[in-house]
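K.L.:
Pasting a predicted model and its sequence here:
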Amino acid sequence: LITALFTMLSSRASRPLSLARFGARASHKSRSRHATTVLAKAIQLGSAKIPADVDANKVIDGVYAWTSGVTTDGANLPLALPLKVDRISESSMKLSFITKAPSANEFGSAADVDVTVEQTDAGENYLVLRFEKGIFCPPEMTTEAALEACIDCKTLMSSMPTVIKKAVANARL
């Protein structure tokens, strides 16, 4: 049984909901196992404790496999924006919702979700999901407003508890 705390998106992005059925642990001090810098403006969407008998990097593999297979034509999830999935390191990945730049024929991220494995001082591993504004998000928009506007993030997050449970089950040592 995976012990997890998932804070899901509510109608107000600044007030996440806790899904108590996952056996919640409210917070944990963590240090990242990779070099990606987490911006101070990021909003933590959720975290899941990875059991000790599970290969944490294989959990990322499982989440990556599912998200990279999500299509934008509505075949498996109805998304408004194209989804780009990048593997950043062995223990992290980034989901980017792609949009066109307002003033040019460039495409880039409107919003990003960073998925990382982080380790506490006690050696416990957590899968952590954080939302950040993308490079083509209007600078005057707050991170909270960007999260509220990104309906695709809500759609993906509604599937994440199941995706993570399956990834953990497949990553058992």
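P.N.:
Good, I have the coordinates.
K.L.:
Off-centre distance for stretch 140-154?
P.N.:
How far stretch 140-154 lies from its chain's middle: 14 Å, per CA atoms, centre = their mean, to the nearest Å.
K.L.:
and it, C-alpha only, in PDB?
P.N.:
The C-alpha coordinates for stretch 140-154 follow below in PDB (Å, rounded to 0.1, in the frame of the first residue of the first chain):
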ATOM      1  CA  GLU A 140       1.600  39.900 -15.100                       C
ATOM      2  CA  MET A 141      -0.200  36.700 -14.400                       C
ATOM      3  CA  THR A 142       0.500  35.200 -10.900                       C
ATOM      4  CA  THR A 143       1.400  31.500 -10.600                       C
ATOM      5  CA  GLU A 144      -1.900  30.900  -8.800                       C
ATOM      6  CA  ALA A 145      -3.800  32.500 -11.700                       C
ATOM      7  CA  ALA A 146      -1.800  30.500 -14.200                       C
ATOM      8  CA  LEU A 147      -2.700  27.300 -12.400                       C
ATOM      9  CA  GLU A 148      -6.400  28.200 -12.300                       C
ATOM     10  CA  ALA A 149      -6.300  29.000 -16.000                       C
ATOM     11  CA  CYS A 150      -4.500  25.800 -16.900                       C
ATOM     12  CA  ILE A 151      -7.500  23.400 -17.200                       C
ATOM     13  CA  ASP A 152      -5.200  20.700 -18.700                       C
ATOM     14  CA  CYS A 153      -3.200  20.600 -15.400                       C
ATOM     15  CA  LYS A 154      -6.400  19.800 -13.500                       C
END
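K.L.:
what residue ranges in this structure score low on pLDDT?
P.N.:
Scanning the chain for pLDDT under 70 picks out the ranges 1-40, 71-76.
K.L.:
for this structure, what's the longest helix?
P.N.:
helix 151-170 (DSSP state H).
K.L.:
and the closest residue to Val85 other than its chain neighbours, how many neighbours?
P.N.:
Among residues not flanking Val85 along the chain, Ser68 sits closest, at 4.4 Å (CB to CB, 6 or more residues apart in numbering). For the C-beta atoms, the positions are set from N, CA and C on the backbone; glycine is no exception. When counting by other CB atoms under 10 Å, one arrives at 14 neighbours for Ser68.
K.L.:
Report the separation between Ser68 and Leu81.
P.N.:
Distance, Ser68 to Leu81, using CB to CB, to the nearest Å: 16 Å.
K.L.:
got it, and Asn170?
P.N.:
Taking CB to CB as the measure, Asn170 falls 28 Å from Leu81.
K.L.:
just so I have it, where are all the helices in this protein?
P.N.:
Remark: helices assigned in the chain by DSSP H are 56-68, 143-149, 151-170.
K.L.:
Grab the most central residue of this structure for me.
P.N.:
Nearest residue to the geometric centre of the chain (CA atoms, centre = their mean): Leu129, 3.4 Å.
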